[in-house]
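> Here is my input, please return the structure:
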Amino acid sequence: MTTNVFVLGHDEHNQRILENMPSADGCTFHPLLSFEEIWGERISFRDVLTSAQRQLDAFDGSIDAIIGFWDFPVSTMLPLLRSRYGLPTASIEEVVMCEHKYWSRLVQQRVTDAIPQFGLVDPATDTEPPENVRFPLWVKPVKSFASELAFGVNDLDTFRDALAKINEGIGWVGKPFEALLEHVELPPEIEAAGGRSCLAEEAIIGRQLTVEGYRYQGEIVVYGVVDSVNYENSPSFLRYQYPSTLPAEIIERVSELTRTVVNAIGLERMTFNVEFFWDPGTDAINLLEINPRHSQSHAELFADVDGMANHEAMLRLALGRDPDFPHRKGRYGAAAKWFVRRFDDGVVRQVPTHEELAAIQHIVPGTTIELTVAEGDRLSELHRQDTYSYQLASVYMGADDEADLVTKFDHVVAALLFEIEDVH
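Here you go, the predicted structure:
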């Protein structure tokens with residue numbers, strides 16, 4: 001008997017990872033709406049939820065698992081769909097408790113002091129930050145992804161300018177997020193905040209890292225810590241690197257804090273990732289955010305170093321199995337996902353060909369390159385970009401160590417030729 005697994009937000013990159021996993025034996029993976037069908041010029045939460053339900057209702061066979069590895073709306077559709085079809089799941093309230101940045105901060109505040117001062121802001125009417133939040137600070141929608149519409153500000157003028165920009169663009173995610181909130185029993189303060197308000201919080205500094213884990217039969221397991229390294233003098237990511245190069249004592253502290261906050265929420269039979277900053281100067285640790293999913297960006301990193309993609313943990317949990325994640329069983333000592341970026345707007349006139357990409361990957365072994373732009377794209381019009389840069393490509397790479405990673409990436413960047421027309 002085949003096991004029917006539906007993949008919400010299907011895309012070819014992650015399909016290849018799924019097919020190569022040990023637990024894929026005996027599984028048939030069915031695309032349940034493609035990435036392109038869910039994200040476009042607009043996101044309609046009601047439409048995509050209805051379409052997914054219609055496809056599942058029409059399926060002539062058993063629905064054994066529904067999985068997904070993307071942020072909203074996939075992450076929040078999963079508990080709704082699993083509940084509808086009688087599959088085990090964390091509650092929709094637990095998931096939104098993580099997804100709604102203000103609600104998440106209120107939960108975190110009850111169990112830890114390792115968070116910045118924060119408050120709620122209405123981008124349509126407010127002109128000043130909350131009284132308890134001091135500059136420098138970050139202001140961002142209560143729901144966003146890829147750091148879209150997140151602004152670091154140092155004074156009142158830049159704060160007001162950021163609110164104006166957020167107010168102009170917040171509907172793209174805010175409107176469908178409000179449609180999701182209709183499915184959730186909300187505390188009064190979260191219902192009042194809605195989906196188009198903003199979180200303002202004091203800036204936290206230091207080295208950024210992400211803790212990945214899962215909860216199975218009540219036990220919270222941390223299976224890896226990933227470093228997030230920025231471009232110099234920029235909040236934009238240069239690479240995710242695994243394993244973390246932080247001291248063992250810091251890794252233990254963030255792992256224990258992760259267990260505390262996840263225990264306060266629930267998330268049974270769920271993967272999760274929790275982002276932190278550690279300031280080496282003060283030794284302070286601050287929690288940035290909790291995501292009720294593993295990071296699909298880290299899948300190859302875990303496969304390269306530990307011998308199993310983190311997708312495997314998600315699939316085993318969905319099938320009711322213990323993930324039993326391995327440790328350091330992979331081919332490489334270190335791995336990274338690199339982000340090739342441009343920091344000025346432009347129109348893409350030419351990108352590397354398939355043949356050129358294949359040649360680079362052959363010359364630099366252990367490397368996979370995926371373009372994130374196409375000819376004709378205007379960079380500033382692309383969605384899912386952070387506020388400060390434009391991503392041109394992702395480079396997944398395994399290597400002996402960090403120095404080898406840097407050397408290999410330098411070779412790749414030198415060979416990747418884009419032609420981009422400046423726009424002023």
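> alpha carbons only for contacts and neighbour counts from here, please
Fine.
> Kindly export stretch 137-147 (C-alpha atoms) in PDB.
The C-alpha trace of stretch 137-147 is given here as PDB (Å, rounded to 0.1, in the frame of the first residue of the first chain):
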ATOM      1  CA  LEU A 137      14.400  50.300  16.800                       C
ATOM      2  CA  TRP A 138      12.800  48.000  14.200                       C
ATOM      3  CA  VAL A 139       9.300  48.400  13.000                       C
ATOM      4  CA  LYS A 140       7.700  45.700  11.000                       C
ATOM      5  CA  PRO A 141       4.200  44.300  10.200                       C
ATOM      6  CA  VAL A 142       2.800  41.800  12.700                       C
ATOM      7  CA  LYS A 143       2.900  39.400   9.800                       C
ATOM      8  CA  SER A 144       5.600  39.500   7.100                       C
ATOM      9  CA  PHE A 145       8.200  37.200   5.700                       C
ATOM     10  CA  ALA A 146      11.700  37.400   4.200                       C
ATOM     11  CA  SER A 147      12.100  40.700   6.200                       C
END
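> hmm, who's touching it?
71-72, 99-102, 149-154, 159, 162-163, 166, 170, 173-174, 177, 195-203, 384-387 (C-alpha atoms under 8 Å, 6 or more residues apart in numbering).
> Which residues are in contact with the most centrally placed residue in the chain?
Taking C-alpha atoms, centre = their mean, the centroid of the chain lies closest to residue 295, which sits 5.4 Å from it. Residues counted as contacts of residue 295 (C-alpha under 8 Å, 6+ apart) are 69, 70, 212, 272, 273, 310.
> Find the residue closest to the fourth one in space, skipping its chain neighbours.
If the residues on either side of it in the chain are set aside, residue 272 comes closest to residue 293, at 4.2 Å by C-alpha to C-alpha, 6 or more residues apart in numbering.
> following the helix or strand of the chain with the lowest mean pLDDT, which helix or strand comes up?
Averaged element by element with mean pLDDT, DSSP states H and E, the chain has its least confident helix or strand at helix 35-38 (a mean of 91). Per DSSP states H and E, helix 35-38 leads on to helix 45-57 as the next helix or strand towards the C-terminus.
> Starting from the helix or strand following that next one, tell me which strands it pairs with and how they run.
The helix or strand immediately downstream of helix 45-57 is strand 65-67, counting by DSSP H and E. Strand 65-67 sits in its sheet next to strand 3-10 (parallel), going by DSSP bridges.
> contact partners of the strand it pairs with?
Outside of strand 3-10, the residues within contact range by C-alpha under 8 Å, 6+ apart are 26-38, 61-70, 74, 78.
> again, only this time at 6 Å
The contact list for strand 3-10 (C-alpha atoms under 6 Å, 6 or more residues apart in numbering) reads 27-35, 63-68.
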